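**Student:** Here is a sequence together with a model predicted from it:
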Amino acid sequence: MANLFKQSRSKQKDKASRTQSSASKRGSVSANAQVAGLRFGKDKKTTNFSTNQVIDTVTIDDLDWMGNGVSRGNPMVFVEGALVGETCDIEVLSSKKKVINAKAKKVHTPSEARQVPFCPVFDACGGCQLQHIKPDAALAQRDLALKVMMERHLAMKPHVWQAPLEGPRPQYRRKARLAIDARNPNQIKLGFREANSNNVINVETCPILVDPLSTIIGPLRDALTGFESSRHIGHVSLVAGDNTSHLVIKHTKALEAELIDAVSALVSENSSVSDHDIELKLENKQGQIRSVGKHTDIVMNTVNGCSISPSANDFIQINKVVNEKMINQAIDWLSPQPDERVADWFSGLGNFTLPIAKRGAKVQAIEGVAEMVRRAKDNAQQQGIENVEWLHLDLADKTNVEASLHQGVDKVLLDPSREGALTVCHALVKALPKTIVYVSCNPSTFTRDAKVLIDGGYEMEKAGVAEMFPFTHHMEMMALFTRKQQ
Ligand SMILES: C[S@@+](CC[C@H](N)C(=O)[O-])C[C@H]1O[C@@H](n2cnc3c(N)ncnc32)[C@H](O)[C@@H]1O
Ligand code: SF4
């Protein structure tokens, strides 16, 4: 279990298919000994490996759900940048008794699934990890890895696993936070951080961002260059709605009027050449956002005529198409009826709440960020949706959870952050709603919480992945739990 749940490892910086082996320089161990030791080791004794050590000709058996190559044996080896069927020389990143984390240094037999990364800064940028594998193969193999994980750890029957929910590629992200390095205002770097580092990788465009966010990055850097006060910029947020986009500059001290004019000119020029407006906002140290020029609330349409209206700092589902498919699947699985009470917990801006409420059920939406609860409530009112009780509560607090269940609930939708919903699941197996739909962005905490539900009398009837974040290690999952007959 531990192997499959490994969290983020450092990004592979070497393009495996192009690099030269540096095995001989690093005191590598003999190929045959390693193949024997890594893949066919039967005894419990394993060799100790040191960081940066190069191991020759390791064969990759599988991809794990994060998209790392796995060489099964004793020890297990997880190899960033390696694909199924490939034989690689690898460099050890970290080593424990039974598990080695490594990156591919040289690929001897490239897989047919291997492709040349489409982004020129892929090797350095921490934003993407999986551009070296064809996207269909990546989805199929990661989907399989998650299915196997659920079969192994939750005794899931194969028929439970559903086809993945997919969206467009490569352009899918509708929000980004750009890092800036303006220590030298004449040579500003604007882009994303290198993996496990504070270094900013300068980018011109980001091919996984939707338009017009993708193409504004280079021109924005040019507009900021040369102004002393660009040093006071903490980051830049970009959010694309269906009606307009916001470019929000977070700053810690006042910005020069000329800098603001230069960026204003850039966004108005963009708006005149593109059919999608960008509006400039400034966010101060306290998090207050003010508009430079006109302000239009961002509208993100979802399903059944519903929409949410986020500000730059609110959580949103990053991938519009996959989000809509997830909402439709949640409605399908929950099948909310007008006489039912449905809880939407970890409700954010009401992304799932509003379409459930439109079905006529009485919905209790609980979210831990007060500002998001306020915005969700206002937004629902504007859409004439009144059958929702909006609550600002911490769902990690057992007392809150139990009190919220006091009036009884028929069905529950959970969409927690990476930490999962352990407190909630322990309470749900006492309250016993008929149906629970669990949306998760972390298969590890999902599996932990699902065990509580299954041990507490629920059956996992359906489950599957939603490819919310192509080209990255992340994966979204959904599962339907129904209460077993007593
Ligand atoms: C993955 S997001 C889902 C939001 C929403 N369901 C959506 O689809 O946009 C998780 C949400 O849970 C909220 N959250 C995280 N921890 C929480 C807690 N302990 N109590 C209540 N809400 C929490 C976050 O603020 C965030 O809005
Ligand atoms: S996040 Fe954008 S800039 Fe970075 S590697 Fe991915 S596509 Fe390229």
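**Tutor:** Sure, I can see it. Ligands and ions are numbered 1, 2, ... in the order given.

**Student:** Whether stretch 399-407 contacts ligand 1 - can you check?
**Tutor:** No: Stretch 399-407 lies out of reach of ligand 1 by Cβ under 6 Å from any ligand atom, never closer than 8.0 Å. Every C-beta, even on glycine, is put in place using the N, C-alpha and C of the backbone.

**Student:** Flag every buried residue along that stretch.
**Tutor:** For stretch 399-407, burial by neighbour count (16 or more other Cβ atoms under 10 Å) applies to 400, 401, 404, 405.

**Student:** What mean pLDDT does that stretch get?
**Tutor:** The average pLDDT within stretch 399-407 is 96.

**Student:** what does the stretch 1-150 of the chain put close to ligand 2?
**Tutor:** Remark: the part of the stretch 1-150 of the chain in contact with ligand 2 comprises 119, 121, 122, 125, 127, 128, using Cβ under 6 Å from any ligand atom.

**Student:** and the gap between residue 415 and residue 160?
**Tutor:** 20 Å (Cβ to Cβ, to the nearest Å).

**Student:** And residue 412, by the same measure?
**Tutor:** From residue 412 to residue 160 the distance is 19 Å (Cβ to Cβ).

**Student:** just residue 447 next, same as before
**Tutor:** Per Cβ to Cβ, residue 447 is found 14 Å from residue 160.

**Student:** Overlap in contacts, these two.
**Tutor:** residue 150 (Cβ atoms under 8 Å, 6 or more residues apart in numbering).

**Student:** who's more crowded, the two?
**Tutor:** Between residue 447 and residue 160, counted using other Cβ atoms under 10 Å, the more crowded position is residue 447 (21 against 18).

**Student:** Report the contact partners of the residue of the stretch 201-350 of the chain found nearest ligand 2.
**Tutor:** Of the stretch 201-350 of the chain, the residue with the smallest distance to ligand 2, taken as Cβ to the nearest ligand atom, is residue 206 at 3.4 Å. Shown in contact with residue 206 (Cβ under 8 Å, 6+ apart): 119, 127, 173, 176, 191, 192, 213, 214, 217.

**Student:** measure it to residue 194 for me?
**Tutor:** From residue 206 to residue 194 the distance is 15 Å (Cβ to Cβ).

**Student:** Name the SS class of the closest residue to residue 398 other than its chain neighbours, please.
**Tutor:** With sequence-adjacent residues excluded and distances taken as Cβ to Cβ, 6 or more residues apart in numbering, residue 398 is closest to residue 423, at 5.4 Å. Here residue 423 is helix, with the state taken from DSSP: H, G, I helix; E, B strand; the rest coil.

**Student:** Residue 396 is in contact with residue 423, correct?
**Tutor:** Yes: contact criterion Cβ atoms under 8 Å: residue 423 and residue 396 qualify, at 5.5 Å.

**Student:** For the stretch 351-486 of the chain, give the residue positioned nearest to ligand 1.
**Tutor:** Closest residue of the stretch 351-486 of the chain to ligand 1, Cβ to the nearest ligand atom: residue 368 (2.8 Å).

**Student:** Could you give the number of residues near that residue?
**Tutor:** Residue 368: 20 surrounding residues under other Cβ under 10 Å.

**Student:** Does it touch residue 392 like I think?
**Tutor:** Yes: the pair residue 368 / residue 392 is scored as a contact, 7.2 Å apart, by Cβ under 8 Å.

**Student:** Need phi/psi at the closest residue to ligand 2 within the chain.
**Tutor:** Proximity of the chain to ligand 2 (Cβ to the nearest ligand atom) peaks at residue 127, 2.4 Å away. Main-chain torsions, residue 127, degrees, to the nearest 10: phi -70, psi -30.

**Student:** Tell me, how many residues neighbour residue 348?
**Tutor:** The number of residues packed near residue 348 is 24, by other Cβ under 10 Å.

**Student:** same check, this time on residue 248
**Tutor:** Residue 248 - counted by other Cβ under 10 Å - has 21 other residues nearby.

**Student:** Could you give the bridge partners of it?
**Tutor:** Beta-bridge partners for residue 248, by DSSP bridges, are residue 237, residue 281.

**Student:** Can you pull the poorly scored residue ranges out of the chain?
**Tutor:** Applying pLDDT under 70 to the chain flags residues 1-47, 273-274, 486.

**Student:** all helices of it, in order?
**Tutor:** Under the criterion DSSP state H, helices of the chain are mapped to 31-39, 135-154, 213-224, 257-273, 320-334, 353-358, 370-382, 398-404, 422-431, 443-455.

**Student:** helices or strands next to the fifth one in the packing?
**Tutor:** Where contact means 3 or more Cβ pairs under 8 Å, 6 or more residues apart in numbering; DSSP states H and E, helix 320-334 is packed against helix 353-358, strand 411-414, strand 435-440, strand 458-466, strand 476-483.

**Student:** Mind putting the ones you listed into a markdown table with distance to ligand 1?
**Tutor:** Compiled in a markdown table, the helices and strands packed on helix 320-334 are given as follows (distance: least, Cβ to the nearest ligand atom, whole Å):
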| stretch | distance to ligand 1 |
| --- | --- |
| helix 353-358 | 8 |
| strand 411-414 | 8 |
| strand 435-440 | 7 |
| strand 458-466 | 11 |
| strand 476-483 | 9 |
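
**Student:** So for residue 104, which of these sits nearest?
**Tutor:** For the helices and strands packed on helix 320-334, proximity to residue 104 was assessed by Cβ to Cβ; strand 458-466 is nearest, at 24.6 Å.

**Student:** Report how many residues lie close to the closest residue to residue 219 other than its chain neighbours.
**Tutor:** Nearest non-adjacent residue to residue 219, counting by Cβ to Cβ, 6+ apart: residue 266, 5.6 Å away. Residue 266 has 19 neighbours, counted by other Cβ under 10 Å.

**Student:** Look up how far residue 259 lies from residue 266.
**Tutor:** Distance of residue 266 to residue 259, computed by Cβ to Cβ: 11 Å.
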